[in-house]
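K.L.:
With the input below, show me the fold.
(one chain, ligands or ions: 1)
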Amino acid sequence: MNVLFVVSECVPFIKTGGLADVAGALPKELAQLGTNVTVMMPKYGLIPEKFKEKMVLKKVLYVQVGWRRQYCGLEVLEQDGVQYIFVDNEYYFNRDSLYGHYDDAERFTFFCRAVIDALPHLDQLPDIIHCHDWHTGMVPFLLRADYAYYSSIQTVFTIHNLQFQGIFPKGILYELLNLDDYYFTTSQLEFYGNVSFMKAALVSADKITTVSPTYKDEIQMPYYGEQLDGLLRRRNQDLVGIINGIDDTIYNPTEDTYIAQKYSVKSLTKKTVNKTELQKSLGLNVDEKIPVMSMITRLTKQKGLDLVRHVFHEIMSHDIQLIILGSGEKEFEHFFQEMERQYPEKIRCVVGFNEELAHTIYAGSDLFLMPSQFEPCGLGQLIALKYGTIPVVRETGGLNDTVEPYNEYEKTGNGFSFTNFNAHDMLHTIERALMFYQKEDAWQAIIEEAMNRDYTWAKSAFIYNQLYADLIST
Ligand code: ADP
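P.N.:
Here you go, the predicted model:
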């Protein structure tokens with residue numbers, strides 16, 4: 001089977017969130033199952049030089065974007081059994097950030113068109129094109145609208161986050177996409193008077209997947225459906241929820257070279273070394289008895305930061321240290337920085353994106369807080385579990401599918417959770433977790449339960465592979 005992955009970010013080349021982790025890990029797993037995987041992504045200026053040096057220019061094309069023909073270099077790099085093709089155009093992708101530019105519609109129209117124009121130049125024509133999130137949403141749509149001779153190629157589209165949809169004024173239809181009014185209908189591209197990249201994919205992909213079974217159900221309801229729940233209900237038969245895994249060559253406390261002391265479930269005292277090193281490095285009181293709770297996250301409303309803010313002083317009334325690593329909305333960055341000034345002994349807020357620090361926080365913390373309003377899958381809690389750092393989460397999306405609340409009577413569970421998006425429910429759940437933290441035997445059992453479960457990609461990669469095989473055979 002030949003599968004072409006189309007994605008806007010991918011580990012180890014560039015990452016802003018969980019999407020890149022998935023794009024980095026899943027193709028490697030699929031390759032191990034015998035599937036030929038090629039990954040296509042933009043060649044951002046921000047990709048480290050050590051990778052750029054290895055890329056080999058394979059082909060130059062000129063891609064039609066509205067009335068212009070734009071340069072498109074296809075640069076190839078092979079790694080871990082996967083072929084990566086980088087779509088090069090310095091004007092579009094040599095910027096100081098990946099997203100949020102005034103011309104994102106044009107940048108990603110170019111990228112989608114380039115992917116399709118590149119097909120004849122691949123080693124083999126793909127059986128499946130698997131696209132991810134709105135940036136790639138026009139690939140399945142344009143393929144069906146403009147390229148009848150590719151009708152045998154099946155398309156899969158994965159929703160990693162339905163909130164980001166790529167909605168742009170109607171004019172892009174002619175000015176960028178080279179489509180006419182025929183496509184501007186409610187059953188096609190039109191979305192409340194605009195054009196939506198996300199909707200383009202949802203109406204045209206042969207299969208739609210999302211990254212957890214619970215999120216699959218949630219997005220068919222208005223509260224989580226981002227105004228696309230009706231369409232998703234109509235496509236219910238083609239919608240599948242497959243949970244993400246984590247790459248255990250990157251996130252694994254027994255092999256992690258970023259952390260002070262490697263450890264496993266059999267040597268948990270070594271985890272304490274990571275805790276005290278973390279406290280030391282961040283200038284917190286070094287005391288292995290004080291519970292350390294952390295958050296590593298984009299600082300946005302989605303992640304439940306309103307709840308944290310609402311009961312912040314109540315949380316701080318406990319004997320606890322809080323570490324926050326993240327960046328995003330200024331209101332939250334400023335809030336946590338201000339709280340650090342108010343509670344200099346108890347809080348560290350590091351604004352920015354720092355992979356190495358993230359590893360030391362996962363390894364050195366006791367609790368990991370993730371009270372998300374919605375969470376398609378969530379990788380933070382999976383990484384935390386793998387490191388024996390106990391998650392406190394809201395029961396939504398993938399958090400609901402991966403964190404089993406501790407049951408003190410049956411001695412089961414790998415974390416703590418609450419149902420409603422309510423600050424005091426979160427507070428009480430944190431307090432409950434802190435209570436069990438004091439009971440050494442119970443806490444040890446929860447950590448063992450957390451670390452002993454399988455969070456790898458093996459099972460889910462198998463399900464994706466089966467999905468591709470089924471599509472090809474229909
Ligand atoms: P999302 O994709 O919605 O941002 P996920 O939980 O699915 O959230 O994935 C987030 C990924 O990004 C995790 O691997 C997490 O460790 C990482 N991450 C988030 N913020 C930071 C940060 N500030 N520094 C380093 N890694 C981060």
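K.L.:
helix/strand/coil for the residue of the stretch 51-200 of the chain at minimum distance from the ligand?
P.N.:
With C-beta to the nearest ligand atom, the shortest gap between the stretch 51-200 of the chain and the ligand falls at N161, namely 6.1 Å. Any C-beta I mention is one placed from the backbone N, CA and C, and that applies to glycine too. Taking DSSP: H, G, I helix; E, B strand; the rest coil as the rule, one finds N161 in the coil state.
K.L.:
pretty sure D256 contacts S264?
P.N.:
No - using C-beta atoms under 8 Å, D256 makes no contact with S264, being 11.1 Å away.
K.L.:
Of those two, which one has the most company?
P.N.:
D256 (20 against 14; other C-beta atoms under 10 Å).
K.L.:
What is the burial count for the single nearest residue of the stretch 1-150 of the chain relative to the ligand?
P.N.:
Distances between the stretch 1-150 of the chain and the ligand by C-beta to the nearest ligand atom are smallest at G18, namely 2.5 Å. Residues within reach of G18, counting by other C-beta under 10 Å, total 25.
K.L.:
and if you look at the one 5 residues further on?
P.N.:
Using other C-beta under 10 Å, A23 has 27 other residues around it.
K.L.:
same check, this time on A458
P.N.:
A458 has 12 nearby residues by other C-beta under 10 Å.
K.L.:
returning to that earlier point: ignoring the adjacent residues along the chain, who's closest to the residue of the stretch 51-200 of the chain closest to the ligand?
P.N.:
In space, N161 comes closest to P376 once its chain neighbours are excluded; the distance is 5.4 Å by C-beta to C-beta, 6 or more residues apart in numbering.
K.L.:
Can you show me the strands along the stretch 1-150 of the chain?
P.N.:
2-6, 36-42, 56-65, 68-79, 82-88, 128-132 (DSSP state E, counting those that start in this stretch).
K.L.:
Which stretch among those approaches I472 most closely?
P.N.:
For the strands of the stretch 1-150 of the chain, the distance to I472 is smallest for strand 128-132, at 7.0 Å, taking C-beta to C-beta.
K.L.:
Walk me through which strands the closest one pairs with, and which way each runs.
P.N.:
strand 2-6 (parallel), strand 154-159 (parallel) (DSSP bridges).
K.L.:
Show residues contacting the shortest one.
P.N.:
The set of residues that contact strand 2-6 without belonging to it, under C-beta atoms under 8 Å, 6 or more residues apart in numbering, is 23, 26-27, 30, 35-41, 112, 115, 119, 122, 124-132, 136, 139, 468.
K.L.:
ok, now with 6 Å
P.N.:
27, 35-40, 115, 124, 126-131, 136, 139 (C-beta atoms under 6 Å, 6 or more residues apart in numbering).
K.L.:
Generate a PyMOL selection restricted to the buried subset of those residues.
P.N.:
Listed next is the PyMOL selection for buried residues among these, using 16 or more other C-beta atoms under 10 Å:
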select buried, resi 27+35+36+37+38+39+40+115+126+127+128+129+130+131+136+139
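K.L.:
restrict the contacts of strand 2-6 to those near the ligand?
P.N.:
Residues of the contacts of strand 2-6 in contact with the ligand (C-beta under 6 Å from any ligand atom): none.
K.L.:
count of neighbours near L284?
P.N.:
20.
K.L.:
go on, K170?
P.N.:
Going by other C-beta under 10 Å, the residues that sit close to K170 add up to 15.
K.L.:
For it, give me its contacts.
P.N.:
Contacts of K170 by C-beta under 6 Å, 6+ apart are V195.
K.L.:
related to what we said a few turns ago, can I get the strands paired with strand 128-132 in JSON lines with mean pLDDT, mean neighbour count and distance to N407?
P.N.:
Converted to JSON lines, the strands paired with strand 128-132 look like this (pLDDT from 0 to 100; neighbours: other C-beta atoms under 10 Å; distance: least, C-beta to C-beta, whole Å):
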{"stretch": "strand 2-6", "mean pLDDT": "98", "mean neighbour count": "25", "distance to N407": "39"}
{"stretch": "strand 154-159", "mean pLDDT": "98", "mean neighbour count": "26", "distance to N407": "32"}
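K.L.:
mind putting those strands in JSON lines, distance to the ligand included?
P.N.:
Shown next, in JSON lines, are the strands paired with strand 128-132 (distance: least, C-beta to the nearest ligand atom, whole Å):
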{"stretch": "strand 2-6", "distance to the ligand": "17"}
{"stretch": "strand 154-159", "distance to the ligand": "12"}
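K.L.:
Now tabulate the ones you listed in a markdown table and tack on distance to N274.
P.N.:
Output for those, formatted as a markdown table (distance: least, C-beta to C-beta, whole Å):
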| stretch | distance to N274 |
| --- | --- |
| strand 2-6 | 34 |
| strand 154-159 | 34 |
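K.L.:
The ones you listed: which one's closest to K275?
P.N.:
Closest of those to K275 is strand 154-159, at 36.1 Å (criterion: C-beta to C-beta).
K.L.:
Phi and psi next, for I315.
P.N.:
Per-residue torsions, I315: phi -60, psi -40 (degrees, to the nearest 10).
K.L.:
Which residues are in contact with it?
P.N.:
By C-beta under 6 Å, 6+ apart, I315 lies in contact with nothing.
K.L.:
So which bits of the stretch 251-400 of the chain are right by the ligand?
P.N.:
Going by C-beta under 6 Å from any ligand atom, the residues of the stretch 251-400 of the chain near the ligand are 296-298, 325-327, 353-355, 358, 377-380, 383.
K.L.:
Drop anything exposed from the residues you listed.
P.N.:
For these, buried by 16+ other C-beta under 10 Å: 296-298, 325-327, 358, 377-380, 383.
K.L.:
Of those residues, which belong to helices?
P.N.:
Among these, DSSP state H puts 358, 380, 383 in helices.
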